[in-house]
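Peer 1: Using only what follows, build the 3D model:
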Amino acid sequence: MNLFAEIRALVIDTLSAMAANGSLPEGLDMAQIAVEPPRDPAHGDMATNAAMVLAKPAGKAPREIAEALAARLLADPRIVAADVAGPGFLNLRLATSLWQGVIRTALTEGANFGRAAVGAGRRVNVEFVSANPTGPMHVGHVRGAVVGDALARLLAFSGWEVTREYYINDGGAQVDVLARSAYERYREANGLEPEIREGLYPGDYLIPVGEALKAKYGDSLLDKGEQYWLAEIREFASDMMMQMIRDDLAALNVKMDVYSSEKALYGTGKIEAAIQALRDMGLIYEGTLEPPKGKEPEDWEPRVQTLFRSTAHGDDVDRPVQKSDGSWTYFAPDIAYHYDKVQRGFDELIDIFGADHGGYVKRMKAAVSALSNGKVPLDIKLVQLVKLYKNGEPFKMSKRAGTFVTLRDVVEQAGTDVTRFMMLTRKNDVTLDFDFAKVLEQSKENPVFYVQYANARINSVLRKSRESGLDCGDASLATADLSLLSHPAEIAMAKKLAEWPRLVEIASRANEPHRVAFYLNELASEFHGLWNKGNDDTSLRFVQDGNAATSLAKVALVRATGVAISAGLAILGVTPVEEMR
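Peer 2: So this is what the prediction gives:
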């Protein structure tokens, strides 16, 4: 039950009735009408912009519409007050029973409380991580992996059929560098001094690869030119790196549904087919590009290339797909890969990329728009950097990786749940500071602890209630007399619970899982506040000695809060803590 959607439906039904009796014109577009919490809670429980939206098309003053709407809404028992504010906003106060009813809904629906139908069974592909198979995942991949997986969970909770996908970038020169680096570790495993020259990967993580190569080939590849071993070692090392990456993802509680290979696009006709599809649309031509910004004319050598007319689909400039020597640009296989996703029948595509891919956004959106005839939207989320600290000092690099902090370094020090939650405490396009000391401290300033502590307190209330003889099963709590919850602090708690279904819908429409983490922190704050008020006001304590009916109602509120917290943590991929140690 989304109470905000219910009241919005009431507003629209009332406006439709006004149109039917001639108070408003027929056929008004009501799509932009919203019902949401007012900026100042003192103004009411909900506010609607209906009169502001309809004033111009209706040819009436906003206040005139708002006043007429208010009078009609007051006839509904759910609305106890309707006040016109400013130029025509309408503030509503709802019957207390509606807020109390949210508690019962949460108990009845359980893990499904807040589940939305936004997706309506449509299919969405979420591609994320997609790191080069050249080494272990680093801290930047951690954030992208968590954002992608949490978004996939959020969309599934909102009615989408979700596919998590990893695109293996194994078609470029970097895998040749991997093979040469692994060969040096193979030489090392055979007792020779490795030559880790500039441009090779220096990390110790390739030592096991070298040892595995020795176990398979002995010394048969020593002193042979790379034409004899490059292709084979490239595949061997890539496979081992991908297994390492799969293990890294598992440590972060991330599981992909599909792994797609860039290399598999070459020599199969898939790239050619995608480019031909664009050519058939008149979007491929031979031409030259203007010099890049900052280039002096004498530095620029224009070459005829095969270009995609991406400007026809919103890009700033047309993009090369084939070089003058006939080889594909890096963009061409990406077009083919997304064409494959379109052909697999997805209704929406989402890509989660690092912030350094900002220049990639418009061209890829243009390609998908063209290849799907504008029917499949592509949303690209750019994930900003994570800055690591320990006690306020920058965290040192990993010797194992050679040049960066690995995912394992982060997870081993902070834990999977803490890592996942903290990666969602900022919007994806904002740099995130991650201080190992602060994310593990037990204080209100640590959102992970703050939310988990609320859940632990909820479980302690339930344990004590059972010990006092109360039946704390959800079915029993759902039958409680919730009219006994009348204190403003209790109703405020119920109002915050009522925001959960609305929050899920908003977050899933915007593809923003961080909103869930923000909400959980607010919900925990509301609960801790109610708990603390009970220290001073005995009537707010959850278990009232000698009054089973009131205790049952209060515990129902507590348990409903736990339902929402558990649902939110599940979307974040975080295990709720039942007891703090």
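Peer 1: roughly how far apart are the residue most central in space within the chain and residue 236?
Peer 2: The chain has residue 151 as the residue nearest its centroid, 3.0 Å off, counting by Cα atoms, centre = their mean. The gap separating residue 151 from residue 236 is 34 Å, by Cβ to Cβ, to the nearest Å. C-betas here are computed from N, CA, C, even on glycine.
Peer 1: Let me see the contact set for the residue nearest to the centre of the chain.
Peer 2: Applying Cβ atoms under 8 Å, 6 or more residues apart in numbering, we find residue 151 in contact with 126, 128, 350, 352, 381, 511, 513.
Peer 1: Show me the beta-bridge partners of the fifth one.
Peer 2: Residue 381 has these beta-bridge partners by DSSP bridges: residue 352.
Peer 1: ok, back up a step: spatially nearest residue to the residue nearest to the centre of the chain, not counting backbone neighbours?
Peer 2: Nearest residue to residue 151, sequence neighbours excluded (Cβ to Cβ, 6 or more residues apart in numbering): residue 513, at 4.8 Å.
Peer 1: Quick check: that neighbour touching residue 148?
Peer 2: No: in this structure residue 513 lies outside contact range of residue 148 using Cβ atoms under 8 Å: 9.0 Å.
Peer 1: Run a quick neighbour tally on residue 161.
Peer 2: Residues lying near residue 161 (other Cβ atoms under 10 Å) number 15.
Peer 1: quick one, what contacts it?
Peer 2: Going by Cβ under 8 Å, 6+ apart, residue 161 touches 119, 121-124.
Peer 1: any idea of the pLDDT on it?
Peer 2: We note a pLDDT of 98 for residue 161 in this prediction.
Peer 1: Give me the distance between the residue nearest to residue 151 and residue 157.
Peer 2: Distance, residue 513 to residue 157, using Cβ to Cβ: 10 Å.
Peer 1: pLDDT value on residue 400, please?
Peer 2: pLDDT for residue 400: 62.
Peer 1: outside of the worst-scoring helix or strand of the chain on mean pLDDT, which residues touch it?
Peer 2: Scoring the helices and strands of the chain by mean pLDDT, DSSP states H and E places strand 393-394 at the bottom, with a mean of 89. If you take Cβ under 8 Å, 6+ apart as the criterion, strand 393-394 is touched by 387-388.
Peer 1: Please name every helix or strand in contact with the helix or strand that comes right after it.
Peer 2: Using DSSP states H and E, the helix or strand that follows strand 393-394 towards the C-terminus is helix 407-414. Other helices and strands packing on helix 407-414, by 3 or more Cβ pairs under 8 Å, 6 or more residues apart in numbering; DSSP states H and E, are helix 139-157, helix 226-251, helix 416-422, helix 436-440.
Peer 1: Tell me the buried residues in helix 407-414?
Peer 2: Buried residues in helix 407-414, counted by 16 or more other Cβ atoms under 10 Å: 407-411, 413-414.
Peer 1: Quick check: beta-bridge partners of residue 348?
Peer 2: With DSSP bridges applied, residue 348 shows beta-bridge pairing to residue 124.
Peer 1: any low-confidence regions in the stretch 151-300 of the chain?
Peer 2: For the stretch 151-300 of the chain, the stretches with pLDDT under 70 are 294-300.
Peer 1: ditto for the stretch 351-500 of the chain
Peer 2: In the predicted model of the stretch 351-500 of the chain, residues 397-403 satisfy pLDDT under 70.
Peer 1: Okay, helices next: where are they in it?
Peer 2: Ranges of helices in the stretch 351-500 of the chain, per DSSP state H, counting those that start in this stretch, are 361-371, 407-414, 416-422, 436-440, 447-467, 474-477, 488-510.
Peer 1: Can I get these in JSON lines including distance to residue 39?
Peer 2: Below are these laid out as JSON lines (distance: least, Cβ to Cβ, whole Å):
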{"stretch": "helix 361-371", "distance to residue 39": "32"}
{"stretch": "helix 407-414", "distance to residue 39": "36"}
{"stretch": "helix 416-422", "distance to residue 39": "28"}
{"stretch": "helix 436-440", "distance to residue 39": "31"}
{"stretch": "helix 447-467", "distance to residue 39": "23"}
{"stretch": "helix 474-477", "distance to residue 39": "34"}
{"stretch": "helix 488-510", "distance to residue 39": "14"}
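Peer 1: Which one of those lies nearest to residue 543?
Peer 2: Of all those, it is helix 447-467 that lies closest to residue 543, at 5.7 Å by Cβ to Cβ.
Peer 1: Run the angle between that closest one and helix 407-414 for me.
Peer 2: Helix 447-467 runs at 50 degrees relative to helix 407-414, counting by axes from the mean of the first three to the mean of the last three Cα atoms, to 10 degrees.
Peer 1: Not counting its own residues, what contacts helix 447-467?
Peer 2: With contact meaning Cβ under 8 Å, 6+ apart, helix 447-467 is reached by 417-418, 421-422, 425, 439, 441-444, 472, 517, 520-521, 523-525, 527-528, 531, 542-543, 551, 555, 558-559, 561-562, 565-566, 569, 574, 576-580.
Peer 1: Show me which of the contacts of residue 151 is closest to residue 99.
Peer 2: Using Cβ to Cβ, residue 513 comes nearest to residue 99 of the contacts of residue 151, at 26.7 Å.
Peer 1: Would you list the phi and psi of that closest one?
Peer 2: In terms of degrees, to the nearest 10, the main-chain angles of residue 513 are phi -70, psi -20.
Peer 1: Reformat the contacts of residue 151 as CSV; add distance to residue 115 and neighbour count.
Peer 2: Shown next, in CSV, are the contacts of residue 151 (distance: Cβ to Cβ, whole Å; neighbours: other Cβ atoms under 10 Å):
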residue, distance to residue 115, neighbour count
126, 18, 29
128, 23, 26
350, 20, 22
352, 23, 26
381, 23, 21
511, 17, 19
513, 15, 27
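Peer 1: And the residues you listed, which is closest to residue 490?
Peer 2: The shortest approach to residue 490 among the contacts of residue 151 belongs to residue 513, at 29.5 Å (Cβ to Cβ).
Peer 1: pull the CA atoms of stretch 125-145 into CSV?
Peer 2: These are the backbone C-alpha positions of stretch 125-145, laid out as CSV (Å, rounded to 0.1, in the frame of the first residue of the first chain):
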residue,chain,number,x,y,z
ASN,A,125,19.7,-5.3,-18.2
VAL,A,126,22.0,-3.8,-15.6
GLU,A,127,25.6,-4.0,-16.8
PHE,A,128,28.2,-3.1,-14.1
VAL,A,129,31.8,-3.6,-13.0
SER,A,130,33.0,-4.9,-16.5
ALA,A,131,36.6,-4.5,-15.3
ASN,A,132,39.5,-5.5,-17.6
PRO,A,133,40.4,-9.2,-16.8
THR,A,134,44.0,-8.1,-16.0
GLY,A,135,44.1,-8.3,-12.2
PRO,A,136,42.1,-8.2,-9.0
MET,A,137,39.3,-5.7,-8.6
HIS,A,138,40.3,-2.4,-7.0
VAL,A,139,38.4,0.0,-4.7
GLY,A,140,36.8,1.9,-7.6
HIS,A,141,35.3,-1.4,-8.8
VAL,A,142,33.9,-1.9,-5.3
ARG,A,143,31.7,1.1,-5.5
GLY,A,144,30.5,0.3,-9.0
ALA,A,145,29.8,-3.3,-8.0
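Peer 1: May I see the buried residues of it?
Peer 2: Neighbour-count burial for stretch 125-145, with 16+ other Cβ under 10 Å as criterion, is recorded at 125-145.
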